[in-house]
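Novice: Provided below are the primary sequence and the corresponding predicted coordinates.
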Amino acid sequence: MTQKDYPRVSQGRRLVGITLDWLACYAIALGFFAGSGTLADRVPNARIPLLILLFAEYSLLIALTGASFGHRLVGLKVVRFSDAGPVTPIQALIRTALLMPLVTAITFDENGRGINERFSNTVLVRSR
């Protein structure tokens, strides 16, 4: 398949999807792993758990269902670029690992695919 077979997903939908994932994981990290005290005291303790939760949520949900929590809420899913089939666990891990340094998620090629999508041979498409 070529990029023409996949309509571009807007930057806004991408941003809202990853923001929803981040906020959900942040709430869990603050609630369960950041200790007690005021919010200002707990925020620094939530940083590492947040990254671990985000990596786990993103990679597991994409590998198992084709969409993260945020993707599902904004009507997106991840498919293989070559044949629009389900993403393999390795592709989900590569995509997630490259997403973590946010620069790869906001750097796009001429076809609107992020660097993390190109290296994992995946593409983000609308599911509804």
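Specialist: Good, I have the coordinates.
Novice: And the next helix or strand past the helix or strand of the chain with the lowest mean pLDDT?
Specialist: Of the helices and strands making up the chain, the lowest-confidence element is helix 39-42, at a mean of 77, by mean pLDDT, DSSP states H and E. Moving toward the C-terminus from helix 39-42, the next helix or strand (DSSP states H and E) is helix 47-65.
Novice: helix or strand right after that following helix?
Specialist: helix 69-74.
Novice: what sits up against that following helix?
Specialist: Helix 69-74 is contacted from outside by 13, 16-22, 24, 57, 61-62, 65, 77-78, 124, 127, using C-beta atoms under 8 Å, 6 or more residues apart in numbering. C-beta coordinates here come from the backbone N, C-alpha and C atoms, glycine included.
Novice: Would you mind giving me the ChimeraX syntax to select the buried ones in those?
Specialist: Listed next is the ChimeraX selection for buried residues among the contacts of helix 69-74, using 16 or more other C-beta atoms under 10 Å:
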select :13,16,17,18,20,21,22,24,57,61,62,77,78,124
